[in-house]
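Colleague: Give the three-dimensional model of this entry:
(one chain, ligands or ions: 1)
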Amino acid sequence: KPVVAVVGRPNVGKSMLVNRIIGRREAVVQDVPGVTRDRVSYDAIWNGREFVIVDTGGWAPDAKGLAAQIAEQAELAIAAADTVLFVVDASVGIQDVDEAVVQVLRRSKKPVVLAANKVDDARNEAEAAMMWNLGLGEPHPVSALHGRGSGDLLDALMEALPEAPLEADVELGGPRRVAIVGRPNVGKSSLLNKLAKQQRSVVDNVAGTTVDPVDELVEVAGTVYRFIDTAGIRRRVKEASGHEYYASLRTASAIERAEVCVVVIDAADPIADQDLRVLTMVEEAGKALVIAYNKWDLTDEERRRYLNREIEQDIRAFDWAPQVNISALTGRGVDKLSKAIEAALEGWETRISTGKLNAFLGRITAAHPHPVRGGKQSRILFGTQAHTSPPTFALFTSGQLDPGYVRFIKRRLREEFGFVGTPVHIEVRARE
Ligand code: GDP
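Modeller: Residues are numbered from 1 along each chain as shown. Got it, this is the predicted structure:
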């Protein structure tokens, strides 16, 4: 969703205008400098077009001159925005602070819609026209108080929004792309054979799909998947001998091409660094993840107890991934893979509304503020989910965040919203 930042000096009526635009009386109406709200962004819709509106009115100012402060706030908001709604007060004319914001706007080169507020009736329209002098194009006269002109303003705003981008990461239709990865001898090709044996004839002619010769379409529990680089798995013996490097390149490229990865781990063998490396590769590539503990038929009770301890220690960082116990030899548990894959993909494509996200961030940061560093305290001003697959959140902050604090937020995000089977990425966009 495109982001609209509302900027302007205090008391021009930004918050009231935001109330008008979102059609609710949720935002705080007063522009009191120094008052920080726990929410500054809202989901809005006009003529069927969804957008996020960011109200900069309540941000706490620093101990600097007013113009510098406002310009700085504007700069942060503008950097985060696709389009800027610049609000001026037509009843008092252009002020120095307005000019300071104009300079920031010019530098940003972002599209700007100019709202001349407090034009409460037709007699004030001449005052709005004075705002042409700001050099930002046509001023749109509005009265946030009465609602006058707000429809025309929104029309102009919609025109200034960027075209809805095509989601490049969504392939239209077609089977989901799955990579089976893991260190040598964990049972990847056995698993593939087990899966493929069950349904080879069905998968040969799924309409409308072109299959790379190295890929295979395989049905698992009623769902057809495209398994990536199965040729690589099948030719394992030749490649693994003395060609570790190529094997790991192949793994990397299979992960890259997949939407979801099944990392196979040998349950009968101690968990190795190489297992963790593959898991880390999947997480870093931002792919959905399922962990399959294979060779379950070879484990006895003692081994399983020990494995649990290993999982608690080494796999803890991946405890968000669905985990299934399977035997590629007997076929035990192999059918459960489909459910796990679907759950992981669902988590991978989760979208959290900006409203929900900021309500959550407000609660979390109120209860656990960022620690003070060098006399300064970084604050999260607002957040938005920048994209899915995997869920990626942009946090706009007043300063840098400690890595530990980012991890804390991430953990709480998972507790709140689940995100089964998917890495969660956080991007911090600090004002400094
Ligand atoms: P890859 O290198 O990961 O493709 O591993 P393979 O599929 O070639 O399997 C390595 C060895 O483990 C072979 O001897 C398989 O027969 C054996 N194996 C694979 N899966 C299982 C399993 O679930 N149970 C048992 N007992 N052996 C397995």
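Colleague: Tell me the buried residues in stretch 394-410?
Modeller: Of the residues in stretch 394-410, A394, L395, F396, T397, S398, Q400, L401, Y405, V406, I409, K410 count as buried by neighbour count, 16 or more other C-beta atoms under 10 Å. Using the backbone N, CA and C atoms, a C-beta is placed for each residue, glycine as well.
Colleague: And stretch 131-140, by the same measure?
Modeller: Across stretch 131-140, burial judged by 16+ other C-beta under 10 Å covers M131, L134, L136, P139, H140.
Colleague: same thing with stretch 265-274?
Modeller: Those would be I265, D266, A267, A268, D269, I271, for stretch 265-274 by 16+ other C-beta under 10 Å.
Colleague: Mind checking which of those land in helices?
Modeller: Cross-referencing the buried residues of stretch 265-274 against helices under DSSP state H gives no overlap.
Colleague: pLDDT below threshold where in this structure?
Modeller: Counting by pLDDT under 70, the chain contains low-confidence ranges at 24-41, 57-67, 69-73, 76, 80, 164-173, 198-213, 235-249, 432.
Colleague: What does the residue of it most remote from its centre show for phi and psi?
Modeller: Going by C-alpha atoms, centre = their mean, the residue of the chain most distant from its centre is R123, 46.8 Å out. When quoted as degrees, to the nearest 10, the phi and psi of R123 stand at phi -70, psi -20.
Colleague: where's it relative to the ligand, distance?
Modeller: When distance is defined by C-beta to the nearest ligand atom, to the nearest Å, R123 is 80 Å away from the ligand.
Colleague: Get me the contact residues on the stretch 101-250 of the chain for the ligand.
Modeller: Within the stretch 101-250 of the chain, the positions near the ligand by C-beta under 6 Å from any ligand atom are G182, P184, N185, V186, G187, K188, S189, S190, I233, R236.
Colleague: Now for those residues, which sits with the most neighbours around it?
Modeller: Neighbour counts for these (other C-beta atoms under 10 Å) peak at V186, which has 27 neighbours.
Colleague: Enumerate every residue touching that one.
Modeller: V186 makes contact with V264, I265, D266, D269, D275, N294, K295 under the criterion C-beta atoms under 8 Å, 6 or more residues apart in numbering.
Colleague: Who are the contact partners of the third one?
Modeller: Counting by C-beta under 8 Å, 6+ apart, D266 touches N185, V186, G187, N294, K295.
Colleague: and if you look at the second one?
Modeller: Applying C-beta under 8 Å, 6+ apart, one finds that I265 lies in contact with G182, V186, I271, D275, I291, A292, Y293, N294.
Colleague: Would you map the helices across the chain?
Modeller: Here the chain has its helices, by DSSP H, at 14-22, 66-80, 96-108, 125-129, 150-160, 188-203, 230-234, 236-240, 244-257, 273-285, 301-314, 336-348, 354-367, 403-417.
Colleague: So for P175, which of those sits nearest?
Modeller: Among the helices of the chain, helix 188-203 comes nearest to P175, with 8.9 Å by C-beta to C-beta.
Colleague: picking that back up, could the residues of the stretch 101-250 of the chain next to the ligand go into TSV alongside distance to P10?
Modeller: Output for these, formatted as TSV (distance: C-beta to C-beta, whole Å):
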residue	distance to P10
G182	59
P184	65
N185	67
V186	62
G187	65
K188	62
S189	67
S190	68
I233	63
R236	66
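Colleague: what's the closest of those to V101?
Modeller: Nearest to V101 out of these is G182 (C-beta to C-beta; 55.5 Å).
Colleague: what about the closest residue to Q400 other than its chain neighbours, neighbour count?
Modeller: Nearest non-adjacent residue to Q400, counting by C-beta to C-beta, 6 or more residues apart in numbering: A430, 5.0 Å away. Residues within reach of A430, counting by other C-beta under 10 Å, total 13.
Colleague: The buried residues of stretch 394-410: which two are farthest apart?
Modeller: S398 and K410 (19.6 Å).
Colleague: how about the strands of the stretch 1-150 of the chain, start to end?
Modeller: 3-7, 41-46, 49-55, 83-89, 112-117, 139-141 (DSSP state E, counting those that start in this stretch).
Colleague: These into TSV, with extra columns for distance to S15?
Modeller: Compiled in TSV, those are given as follows (distance: least, C-beta to C-beta, whole Å):
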stretch	distance to S15
strand 3-7	8
strand 41-46	11
strand 49-55	6
strand 83-89	10
strand 112-117	11
strand 139-141	18
